[in-house]
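Asks: sharing a model prediction with you, sequence too.
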Amino acid sequence: SAVISQKPSRDICQRGTSLTIQCQVDSQVTMMFWYRQQPGQSLTLIATANQGSEATYESGFVIDKFPISRPNLTFSTLTVSNMSPEDSSIYLCSVEGAGPKTYNEQFFGPGTRLTVL
Amino acid sequence: RKEVEQDPGPFNVPEGATVAFNCTYSNSASQSFFWYRQDCRKEPKLLMSVYSSGNEDGRFTAQLNRASQYISLLIRDSKLSDSATYLCVVNTGDSWGKLQFGAGTQVVVTP
């Protein structure tokens, strides 16, 4: 599986500010995914990021709040804009693997733990 | 109704015992099924994919029942290190592989 790193690993931010999270993969991948995991809950997909095109956002998530960049096949950023305490969460990026019999397996970065005061 | 439903547990399991739990999914078009393991404050890690014929990986056995739309995970000879939250994950049937995550089943293996 791919090796995925995220920066920062954690941050504490003031409300109204923005934070950009970086996701770096050690191999070229077509699709990268950004998820949010709020305390005590499972993962919710924010958007899918393809290189060279606009990200595709899921219901409830908008580009103005969560702008995404995908400048090449190994890197993506997610910005959490104009933050409020409700944005406190773990943000994870993932990539698809290449399973031997199935497809769509995803592998996750270590996550960015965000606390908004 | 949630698209992927799991019993949240916790399942308290004595070390060495067997534990099994299910997950139901609502989208009959789903084609890919997975079990992920998530330790506290860590990212989810793929435990195993679930194949139509069922599959086994060491002490872990996964089964798929398409007719009843559920998948199961069985852990034999439980180890303390098996304590974690197990996430049931199902693809939506979209060609580009969007995944739906269950809320997880917590397993606690006790000495």
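Replies: Looks like it came in fine.

Asks: next, A:Glu86: secondary structure please.
Replies: For A:Glu86, the assignment made with DSSP: H, G, I helix; E, B strand; the rest coil gives helix.

Asks: same check, this time on A:Asp64
Replies: Under three-state DSSP, A:Asp64 falls in the coil class.

Asks: count the neighbours of residue 14 for me.
Replies: As the question left the chain open, I've gone with chain A. Residues near A:Gln14, counting by other Cβ atoms under 10 Å in any protein chain shown, number 8. For glycine as for every other residue, the C-beta is placed from the backbone atoms N, C-alpha and C.

Asks: my bad, the chain I had in mind was chain B
Replies: Using other Cβ under 10 Å, B:Pro14 has 11 other residues around it.

Asks: list the contacts of it.
Replies: Listed by Cβ atoms under 8 Å, 6 or more residues apart in numbering or on different chains, the contact partners of B:Pro14 are B:78, B:109-110.

Asks: what do you get if the cut-off is 10 Å, keeping everything else the same?
Replies: Each residue near B:Pro14 by Cβ atoms under 10 Å, 6 or more residues apart in numbering or on different chains is listed here: B:78, B:109-111.

Asks: just the buried members of those?
Replies: Among the contacts of B:Pro14, those classed as buried by 16 or more other Cβ atoms under 10 Å in any protein chain shown are B:78, B:109.

Asks: in strands only, show me the contacts of B:Pro14.
Replies: B:109-110 (DSSP state E).

Asks: so which of the contacts of B:Pro14 also contact chain A?
Replies: Restricting these to those touching chain A (Cβ under 10 Å from any Cβ of the partner chain) yields no residues.

Asks: just curious, which of the contacts of B:Pro14 is nearest to B:Ser30?
Replies: Nearest to B:Ser30, judged by Cβ to Cβ, of the contacts of B:Pro14 is B:Ser78 at 28.4 Å.

Asks: just the pLDDT for the closest one.
Replies: pLDDT, B:Ser78: 98.

Asks: who touches the closest residue in space to B:Ser52 that isn't next to it in sequence in this structure?
Replies: Distances taken as Cβ to Cβ, 6 or more residues apart in numbering or on different chains place B:Leu64 nearest to B:Ser52, at 5.8 Å, with adjacent residues excluded. For B:Leu64, the contact set (Cβ under 10 Å, 6+ apart) comprises B:30, B:33, B:50-55, B:70-72.

Asks: what about residue 48, neighbour count?
Replies: Answering for chain A, as no chain was given. A:Thr48 - counted by other Cβ under 10 Å - has 20 other residues nearby.

Asks: could you do chain B instead?
Replies: Counted with other Cβ under 10 Å, B:Met48 comes out at 19.

Asks: quickly list what the residue nearest to B:Ser52 is bridged to.
Replies: B:Ile71 (DSSP bridges).

Asks: which parts of chain A sit against chain B?
Replies: A:1, A:4, A:6, A:30-31, A:33, A:35, A:37, A:40-45, A:48, A:50, A:56, A:58, A:90, A:92-94, A:96-97, A:99-111, A:113.

Asks: low-confidence stretches in chain A?
Replies: For chain A, residues meeting the criterion pLDDT under 70 lie at A:1, A:98-103.

Asks: helix/strand/coil for the residue nearest the centre of it?
Replies: What sits nearest the mean C-alpha location of chain A, by Cα atoms, centre = their mean, is A:Trp34, with 2.9 Å. At A:Trp34 the chain is in strand, as set by three-state DSSP.
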